[in-house]
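**Student:** Please work out how this folds:
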Amino acid sequence: MKPTAQFLLLCSALCSASSGYSIDKQQQPLGASTSPSTSPHRGQSQHDAPPYRQSLLALHKDLVQTPSISGAEQDAAIFLESYLTKHGYIVELQPLPSESRYNVLAFPPSTDTNRGLANRVLITSHIDVVPPYIPYRINGTAIPPGYDFTDPSITPSTLLSGRGSVDAKASVAAQITAIGELLSSGDIPADQVALLYVVDEEVGGGGMKHFSSVLRNDSIKLKSAIFGEPTENRLAWYVPSPPPSNNTPNQLMTKTSPPRSGHKGITSATVTARGKAGHSGYPWLGKSATEVLVRALDRLLRIDLGSSERYGNTTVNVGVLHGGVAANVIAKEASAKLSIRVAVGDQATGAGIVQERMREVVAAVDDEALSLEGVSGYGPVECECVVEGFETMVANYGTDVPNLEGDHVSYLYGPGSILVAHGDDEGLRVGDLEDAVEGYKRLIVHAVRA
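**Tutor:** The predicted structure follows:
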């Protein structure tokens, strides 16, 4: 069964007239906005552009034009290896165990080439993207081969779009540009930073988990890590600590309240329904697995699976549906794959709390026909934001932050809005990308000197 118009009509028939409102309210995240925000931009022409505009936009274009859907990131890794090597970095392709794909680890050239990763500031993001591939566009128009961004019509308001143009190749391009600027100006020593671009963030975090295991096995401790994700150029700063008190402030910050932020946890689950096949003209002689599944999903979408003042409601996305063999056959089996954004508990316990609640809900609908298989995840990642000059945020999505173990400080920052990431209209403005370069420069300097 796929989420067609017929399925939606079935949901409507099974839900009460008021449940539509309940679903909307329950699934509405804390502090939600219906459109991404943008920041005021400097310079409205090429004449006012920062000196790195052409190289930044060219790198961003090349990254977006290189397909790298999760599981097939090899071309993007090889491109980055070549690009960084050409710019003087010492680059290592870090293979994942038993797989033909790689993380990209890079060190700026320095006199201390044997220093390794210990006590460095790690600047990192991911190179994998969600499907499907969407071609690169400028203001919605394809560009000719060899386009070099000398076009005077390029301004901070110019829209750059395509799959990964926000999540997270914008961060990759801005980070590399920022590091290059800082090294050229001498504002940071080369032996204090390293770059890491991982695979598999959009699926299971396998790239970062593997890198973390290498650090753990070699007893290497980082100084801090700056993670690139679409935060609309706002900052989340994570410090491992005990969970906050029940008086944790909301995500709306004031100058008198302690700046705090973070992001929701994540877990996933598969709900399976088993029925009895039969002729659709005699529904009482069988048991429809699809009907039972729809009732369970309706309940999961409407019920409170846990909420908190800072993170709002735990929300559920019904991402994949399967079931039935024909319209005139009572479905014997049906299943749904769910992604759940966890708003309760702490990083260690949140996913388990939500999964247990979901099992209770499913059992109450039909404990004989339904089962729920959960996948390990994590609860909310608590954060503290105290870097002067940065606005803060609470994110309703998961990141690689908890996949990098250790007691280092972790920052979460990047250009673009999560509200368009993963969508058909994924894109960001030139000015947002350039603002991110300046933000990363300030953040990297802060992290190195902290």
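
**Student:** Tell me how many other residues surround the residue lying closest to Gly278 once chain neighbours are set aside.
**Tutor:** For Gly278, ignoring the flanking residues on the chain, the nearest one in space by C-beta to C-beta, 6 or more residues apart in numbering is Gly286 at 3.0 Å. Glycine gets a C-beta too; all of them are placed from N, C-alpha and C. Using other C-beta atoms under 10 Å, the number of residues around Gly286 comes to 17.

**Student:** Model confidence at Gly286, what's the number?
**Tutor:** Per-residue confidence (pLDDT) for Gly286: 95.

**Student:** Equivalent analysis for the one 3 residues further on, please.
**Tutor:** The confidence metric pLDDT takes the value 96 at Ala289.

**Student:** rewinding a little: just list the residues touching the residue nearest to Gly278, thanks.
**Tutor:** Listed by C-beta atoms under 8 Å, 6 or more residues apart in numbering, the contact set of Gly286 reads Gly275, Lys276, Ala277, Gly278, His279, Ile330.

**Student:** Go ahead and build a ChimeraX selection from the buried members of the residues you listed.
**Tutor:** With 16 or more other C-beta atoms under 10 Å as the criterion, this ChimeraX line picks the buried residues out of the contacts of Gly286:
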select :275,277,278,330
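
**Student:** And the contacts of Gly286, which two are furthest apart?
**Tutor:** Largest separation among those by C-beta to C-beta: Gly275 and His279, giving 13.4 Å.

**Student:** list the residues that contact both of those two?
**Tutor:** Common neighbours of Gly275 and His279 (C-beta under 8 Å, 6+ apart) are Gly286, Ile330.

**Student:** Break the protein down into its domains, please.
**Tutor:** 5-30+265-378, 46-261+382-449 (automatic domain parsing).

**Student:** For the stretch 1-150 of the chain, which segments are assigned as strands?
**Tutor:** 90-95, 102-107, 121-126, 137-138 (DSSP state E, counting those that start in this stretch).

**Student:** to the chain's geometric centre, what's the distance from stretch 378-391?
**Tutor:** Stretch 378-391 has its average C-alpha position 16 Å from the chain's average C-alpha position, going by C-alpha atoms, centre = their mean, to the nearest Å.

**Student:** what about it, start to end distance?
**Tutor:** 26 Å (C-alpha to C-alpha, to the nearest Å).

**Student:** can you check stretch 415-434 too?
**Tutor:** For stretch 415-434, the end-to-end distance is 9 Å (C-alpha to C-alpha).

**Student:** coming back round to it: deepest of the strands of the stretch 1-150 of the chain, which one?
**Tutor:** Across the strands of the stretch 1-150 of the chain, the average number of neighbours (mean count of other C-beta atoms under 10 Å) peaks for strand 121-126, which reaches a mean of 26.

**Student:** what angle do that strand and strand 102-107 make?
**Tutor:** Relative orientation of strand 121-126 versus strand 102-107 (axes from the mean of the first three to the mean of the last three C-alpha atoms, to 10 degrees): 150 degrees.

**Student:** same for strand 121-126, what does it pack against?
**Tutor:** Identification of packing neighbours for strand 121-126 by 3 or more C-beta pairs under 8 Å, 6 or more residues apart in numbering; DSSP states H and E yields helix 169-185, strand 193-198, helix 206-217, strand 224-228, helix 430-449.
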